[in-house]
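Undergrad: what would the 3D arrangement of this be:
(one chain, ligands or ions: 3)
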Amino acid sequence: MTRKIIHVDMDAFFASVEQRDDAGLRGKPVAVGSASGRGVVAAASYEAREFGVRSAMPSVTALRRCPDLIFVPHRFEVYRAVSTQIRAIFRDYTPLVEPLSLDEAYLDVTENLKNMPSATETAKEIRARILDETRLTASAGISYNKFLAKLASDQNKPDGQFVITPARGPAFVAGLPVSRFHGVGPRTTEKMNRLGIQTGADLLTRDRAWLTAHFGKAGAWYHAIARGEDNRQVTPDRPRKSAGSETTVDVDLATPEAVEAAMLEQAGEVWKWIEKSGGRGRTVTVKARYADFRIVTRSRTLGAPVTDPDTLHAVSLALVRSLFPLRDAIRLIGVTLSGFDDAPVSETLLDLI
Ligand code: DCP
Ligand code: CA
Ligand code: CA
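TA: Residues are numbered from 1 along each chain as shown. Ligands and ions are numbered 1, 2, ... in the order given. Sure thing, here's the model as predicted:
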């Protein structure tokens, strides 16, 4: 049976929220982020994009391109609240909602809670409700699998939607540069270009064996998407009670500096997940296993949820420092954030506990 998948993605998400909440920013080039020397642009308003300002661009570059660019600091709590609102809307239509980040999700509406026969109409209604309830616009892609739905949501941005039917899927893929494909990052794009593959049509001419020889396991994925095929299910998120990351090191950590560095790396992994999922917790727990396999944990519960990486890093460090001086070398180190409220979060990062 052909599935109906919708990919919904908010337009210029952080920047649009800031323009919504400060009328003085509307119609102006706005960047969310810090203008300081080492800052980068997290989000750019559509007005700023006309000057070539983009996400992840160094702020100094952005200011050179757009001297009137207005920088505003991020307000993560507000973005998280919007994220909770839109996920609640999605769940009115289907339990099969898979958030990819705060501002986007896949929905499988093949069988939906409103018995709507048309996914196009469903997407329209969802976008209208998002606008009504958040005063923000979203774009949507509608297709028969996740890969194409995600491509489609970019097609009529902002505040638009686009359908890719089964009859049109292969031709749509053929016409795109490979850099647009989910899972083909800058490095793979470069490699494909070097091998003479610029577009989906070029990819289609290479057989599976050739692709596997050059790209390993990913070769099978490239072979499938070149044909507009993607069998991945929409996997709904389940509420999580904690987010953690730990690692067993190759060489036991024998100095405080080495332990701290490893600790911060794990805290960084946890923060990535928190940022992506919107989860929020108040209890930080650090765990270490000594060379002799004894385990020690230290934890601290804060008065408020951790909402920035610096707090997570600082608390993790303070906890790990309570283990100094080391009574033995450490072979495993990890950190967990727990004590979540019921905010739904995704479980897509498989390497976390
Ligand atoms: N974001 C970030 N750093 C990045 C990319 C994104 O902090 N390098 C944040 C800010 C964005 C939000 O995530 O507003 C969503 O990212 P998107 O890639 O969906 O981009 P936008 O929503 O800003 O714009 P678009 O309308 O193109 O989706
Ligand atoms: Ca977006
Ligand atoms: Ca997004």
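Undergrad: where does residue 285 land in three-state SS?
TA: Under the three-state scheme (DSSP: H, G, I helix; E, B strand; the rest coil), residue 285 adopts strand.
Undergrad: and it, how many neighbours does it have?
TA: Using other C-beta atoms under 10 Å, residue 285 has 21 neighbouring residues. C-betas here are computed from N, CA, C, even on glycine.
Undergrad: for residue 1, same thing?
TA: Neighbours around residue 1, by other C-beta under 10 Å: 6.
Undergrad: give me the pLDDT for it.
TA: Note on residue 1: pLDDT of 81.
Undergrad: ok, now the one 3 residues further on?
TA: Per-residue pLDDT puts residue 4 at 98.
Undergrad: quick one: contacts for the nearest residue to it once chain neighbours are set aside?
TA: Nearest residue to residue 4, sequence neighbours excluded (C-beta to C-beta, 6 or more residues apart in numbering): residue 119, at 4.0 Å. Residues near residue 119 by C-beta atoms under 8 Å, 6 or more residues apart in numbering: 4, 5, 6, 109, 142, 163.
Undergrad: how close does residue 119 sit to residue 164?
TA: According to C-beta to C-beta, to the nearest Å, residue 119 and residue 164 sit 11 Å apart.
Undergrad: mutual contacts of these two, please.
TA: Counting by C-beta under 8 Å, 6+ apart, the residues touching both residue 119 and residue 164 are residue 142.
Undergrad: for residue 20, give its distance to residue 41.
TA: Using C-beta to C-beta, we find residue 20 at a distance of 19 Å from residue 41.
Undergrad: looking at the two, which has the bigger crowd around it?
TA: Neighbour totals were compared for residue 20 and residue 41, and residue 41 leads with 26 against 16 (other C-beta under 10 Å).
Undergrad: is it true that the more buried one touches residue 51?
TA: No - contact between residue 41 and residue 51 fails when scored by C-beta atoms under 8 Å: they sit 11.4 Å apart.
Undergrad: closest residue of the stretch 101-250 of the chain to ligand 3?
TA: residue 104 (4.0 Å; C-beta to the ion).
Undergrad: need phi/psi at that residue.
TA: phi -150, psi 160 (degrees, to the nearest 10).
Undergrad: now it. Nearest residue, chain neighbours left out?
TA: Nearest non-adjacent residue to residue 104 (C-beta to C-beta, 6+ apart): residue 9, at 4.0 Å.
Undergrad: for whichever strand or helix holds that neighbour, packing partners?
TA: Secondary structure from DSSP states H and E places residue 9 in strand 5-10. Strand 5-10 makes packing contacts with helix 76-93, strand 104-108, helix 119-134, strand 138-143, helix 146-153 when contacts are defined by 3 or more C-beta pairs under 8 Å, 6 or more residues apart in numbering; DSSP states H and E.
Undergrad: partners of that strand in the sheet?
TA: Taking DSSP bridges as the criterion, strand 5-10 forms sheet pairs with strand 104-108 (antiparallel), strand 138-143 (antiparallel).
Undergrad: the residue of the stretch 101-250 of the chain closest to ligand 3 bridge partners, please.
TA: Beta-bridge partners, per DSSP bridges, of residue 104: residue 9, residue 101.
Undergrad: swap in residue 297?
TA: residue 287.
Undergrad: thought it was touching residue 283?
TA: No - if you go by C-beta under 8 Å, residue 297 and residue 283 don't touch, sitting 11.2 Å apart.
Undergrad: enumerate the residues of the protein near ligand 1.
TA: 9-14, 42-43, 55-56, 103, 157-158 (C-beta under 6 Å from any ligand atom).
Undergrad: apply 5 Å and report the result again.
TA: Contact residues, the chain versus ligand 1 (C-beta under 5 Å from any ligand atom): 11, 12, 13, 14, 42, 43, 55, 56, 103.
Undergrad: burial count for residue 132?
TA: Residue 132: 9 neighbours (other C-beta under 10 Å).
Undergrad: okay if I get the contacts of residue 119 as TSV plus neighbour count?
TA: Formatted as TSV, these follow (neighbours: other C-beta atoms under 10 Å):
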residue	neighbour count
4	24
5	27
6	30
109	24
142	27
163	20
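Undergrad: for the chain, give me the ranges with low pLDDT.
TA: Residue ranges of the chain with pLDDT under 70: 238-240, 341-353.
Undergrad: what segments of it are strands?
TA: Assigned by DSSP state E, the strands in the chain fall at 5-10, 30-33, 41-44, 70-72, 97-101, 104-108, 138-143, 161-163, 242-253, 283-290, 295-301, 330-338.
Undergrad: export those to JSON lines and tack on distance to ligand 2?
TA: Output for the strands of the chain, formatted as JSON lines (distance: least, C-beta to the ion, whole Å):
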{"stretch": "strand 5-10", "distance to ligand 2": "4"}
{"stretch": "strand 30-33", "distance to ligand 2": "12"}
{"stretch": "strand 41-44", "distance to ligand 2": "8"}
{"stretch": "strand 70-72", "distance to ligand 2": "17"}
{"stretch": "strand 97-101", "distance to ligand 2": "8"}
{"stretch": "strand 104-108", "distance to ligand 2": "6"}
{"stretch": "strand 138-143", "distance to ligand 2": "8"}
{"stretch": "strand 161-163", "distance to ligand 2": "14"}
{"stretch": "strand 242-253", "distance to ligand 2": "23"}
{"stretch": "strand 283-290", "distance to ligand 2": "30"}
{"stretch": "strand 295-301", "distance to ligand 2": "34"}
{"stretch": "strand 330-338", "distance to ligand 2": "25"}
